[in-house]
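[1] A structural model of the following input is requested.
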Amino acid sequence: MIRPKLSPRRPILVAAAALAGLATAFAASSPTLAASPSPQPSTSPTTSAPTPSASGTPATPAPEGPSCVSAADARYTHTFRGKRGEASITLVNGPLCEGEEQSFALVSYVAPSTKVEFPQYVLSKSVDKFTSVAKDEVGTRSTLKFKVEVPTCYTQVDFVFGDKIIDPLTKNDLYGNRKVGSPKGIGSRSEGPQAWYNGGGGTCEAAPEVVVESDCEGKVTFNLINRNGNAAANFVITTDKGYNKAVTVPLRSIEKVELDAATVDGQITVTANEKSLWTGTQQPPAECQEPEVGEPETSYESTCDELVLLVQNPKNGVSLTSTFTPSTGKPQTVTIEPGTNKSVRFPASKGLTVAVTGDLESAEPIKWTAPVSGCDEGGTGGGDQDGGLPVTGAAAGGIAAGAVALLAAGAVLFVVARRRRIRFTS
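    The predicted model follows:
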């Protein structure tokens, strides 16, 4: 049997059909791959694209922390009620950056009139500030509130940038554009009403007082007081020696001025607001006024017959009472008035001593000693201290010399133990 010769196209068609079937089956099992177009090479840098949002718009990355401003770029809004002494200010574009801060002050003054006149003195003030947010803090205050006392007399109230308070206000020292709400300068950084007020009624008056104190060294202290007034008091201290000092004391305040003894020598006058408050001279306190007290002179002498103790009390001395107690015999208590002399006598005996106590005290008992010339002849040695006749004869010179030596030694053995302190009052 002869078979017909096969055509070469048949195997090719069968293979093509088989490949087509396999491709169809693979596509059916992987629809996602079948629908996805082939990736195209990118011509942009290899960066991650933003994740599309639900609306198809790329989302903005979240900030790492809160935004902040410098003090110079901070902006505010404020309120001001000058007649009531109230103000507030709000930071609208904060918080301030780390290390930044901004202070504000509300200040009330007493003024000469409802118009802008000077000088004006501070009555009350309130100071506060905005600060930055620390890394470990959640936030900071965005609004500051202020409250001050407003005087019932003529007044001015200012709300200002910064914490420097001007006291007193003068025509050459003003806040200027520091005032919150100013049309230019730092004050223009806040939006709101003008934050300054002039008003009130009635003249502001001081209530000056002075208290003068002296010490024992002659120094004088002037306590210049303006406790109850509603205006400053202008004190002037003068002396007839040419001293002149002006001191301004704000209301509800006290200032002290201390002058040494040389400065306050002579008449002193203190005035306030051109009215005399005090005139006088420096007077030490009563406890310092002690008169000069003279010291008594004491001595003793030994004769063959007796031991004599002598006390001379000067006219400027004080009354002295002491007890003289001998080692044998009776004690004697005597009083020596100023301007008088006393002698206390004890019979001589071997081993005799006398102790002195009271206003006068001896450092140790005073001993009787026989005169250096001896007592063989029974003489009495030197004369007494009450005006008796001197001893004459051959022994007189030696006895007298011994008595002088004993008097010199005895003069240092009496010690003033205490003195009566007497004080005089004017």
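
[2] show me where this structure has its helices.
    For the chain, the helices defined by DSSP state H occupy 9-29, 31-35, 396-410.

[3] roughly how far apart are Phe80 and Thr152?
    20 Å (Cβ to Cβ, to the nearest Å). (Glycine included, C-beta is placed from N, CA and C.)

[4] so between these two, which is more surrounded?
    When neighbours are counted by other Cβ atoms under 10 Å, Phe80 and Thr152 differ, and Phe80 comes out ahead with 25 against 12.

[5] so who does Val92 touch?
    75-77 (Cβ atoms under 8 Å, 6 or more residues apart in numbering).

[6] ok, and the most crowded of those?
    Among the contacts of Val92, Tyr76 has the most neighbours (other Cβ under 10 Å), with 23 neighbours.

[7] can I assume that residue is in contact with Ser88?
    No - between Tyr76 and Ser88 there is no contact under Cβ atoms under 8 Å: 10.0 Å.

[8] mind showing which ranges of the protein have poor pLDDT?
    The chain contains residues with pLDDT under 70 at 1-66, 136-139, 289-291, 376-426.

[9] tell me the domain boundaries of the protein?
    Per automatic domain parsing, the structural domains of the chain span 71-199, 209-286, 297-416.

[10] gap between Glu217 and Glu292?
    17 Å.

[11] compare the two (neighbour count), which wins?
    Glu217 (9 against 5).

[12] that one contacts Ala261, doesn't it?
    Yes - Glu217 is within contact range of Ala261, at 6.5 Å (criterion: Cβ under 8 Å).

[13] could I get the contacts of Val92 as CSV with distance to Ala272?
    Formatted as CSV, the contacts of Val92 follow (distance: Cβ to Cβ, whole Å):
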residue, distance to Ala272
Arg75, 48
Tyr76, 43
Thr77, 45
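
[14] list just the nearest of these to Val211.
    Checking the contacts of Val92 against Val211 with Cβ to Cβ, the nearest one is Tyr76 at 47.2 Å.

[15] so how far is stretch 116-133 off the chain centroid?
    Distance of stretch 116-133 from the chain centroid (Cα atoms, centre = their mean, to the nearest Å) equals 22 Å.

[16] if we go by neighbour counts, what in that stretch is buried?
    Residues 118-127, 130-133 are the ones in stretch 116-133 that count as buried (16 or more other Cβ atoms under 10 Å).

[17] keeping just the C-alphas, turn it into CSV.
    Extracted C-alpha coordinates of stretch 116-133, given in CSV (Å, rounded to 0.1, in the frame of the first residue of the first chain):
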residue,chain,number,x,y,z
VAL,A,116,-0.6,115.7,79.6
GLU,A,117,1.5,117.4,82.2
PHE,A,118,4.6,116.3,84.1
PRO,A,119,6.1,114.9,86.3
GLN,A,120,3.9,111.9,86.8
TYR,A,121,4.7,109.2,89.4
VAL,A,122,3.9,105.5,89.4
LEU,A,123,1.0,104.4,91.5
SER,A,124,0.6,100.8,90.4
LYS,A,125,2.0,98.4,87.8
SER,A,126,1.5,94.9,86.3
VAL,A,127,4.2,93.1,84.2
ASP,A,128,3.9,89.8,82.3
LYS,A,129,5.4,88.2,79.2
PHE,A,130,5.0,85.6,76.5
THR,A,131,7.7,82.9,76.4
SER,A,132,8.7,80.2,73.9
VAL,A,133,7.5,76.6,74.0
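
[18] can you tell me how far Val264 is from Ser302?
    In terms of Cβ to Cβ, Val264 sits 56 Å off from Ser302.

[19] same deal with Ala233?
    75 Å.

[20] who's more crowded, the two?
    Neighbours per residue (other Cβ under 10 Å) separate Ala233 from Ser302, with Ala233 holding more: 26 against 22.

[21] ok, the more buried one - contacts?
    Neighbouring residues of Ala233 by Cβ under 8 Å, 6+ apart: 206-208, 224, 226, 248-249, 251, 272-273.

[22] what about 7 Å?
    Neighbour list for Ala233: 206, 208, 226, 249, 272-273 [criterion: Cβ atoms under 7 Å, 6 or more residues apart in numbering].

[23] Phe222 too?
    Neighbours of Phe222 in contact, by Cβ under 7 Å, 6+ apart: 210, 212, 237, 257, 270.

[24] the third one against Glu258, yeah?
    It stands for Ile237. No - between Ile237 and Glu258 there is no contact under Cβ atoms under 7 Å: 10.9 Å.

[25] which one of these two has more residues nearby?
    Ile237 (23 against 12).

[26] burial measure for the nearest residue to the more buried one once chain neighbours are set aside, as a count.
    Leaving aside its sequence neighbours, Ile237 sits nearest to Lys245 (Cβ to Cβ, 6 or more residues apart in numbering; 4.8 Å). Using other Cβ under 10 Å, Lys245 is surrounded by 14 other residues.

[27] next one: Lys245 from Tyr109, what distance?
    For Lys245 relative to Tyr109 (Cβ to Cβ), the value is 25 Å.

[28] need the contact partners of stretch 140-157.
    82-83, 85-91, 94-95, 104, 106-114, 120, 123-126, 128, 130-131, 133, 196-200, 202-204, 230.

[29] same check, this time on stretch 105-122
    85, 87, 123-127, 146, 148-151, 153-160, 162-163, 165, 167-171, 198-200, 204, 230-232, 250-251.

[30] please convert the buried members of those into ChimeraX selection syntax.
    In ChimeraX syntax, the buried subset of the contacts of stretch 105-122 is picked out as below (16+ other Cβ under 10 Å):
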select :85,87,123,124,125,126,127,146,148,150,151,153,154,155,156,157,158,159,160,169,198,200,204,230,231,232,250,251
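
[31] which stretches of the stretch 251-400 of the chain form strands?
    253-259, 268-272, 275-280, 297-302, 306-312, 320-326, 332-336, 341-347, 353-358, 360-362, 366-367 (DSSP state E, counting those that start in this stretch).

[32] contacts for the last one, please.
    This points to strand 366-367. Contacts for strand 366-367 (Cβ under 7 Å, 6+ apart): 300, 309, 353-354, 413.

[33] list only buried entries from these.
    For the contacts of strand 366-367, buried by 16+ other Cβ under 10 Å: 300, 309, 353-354, 413.
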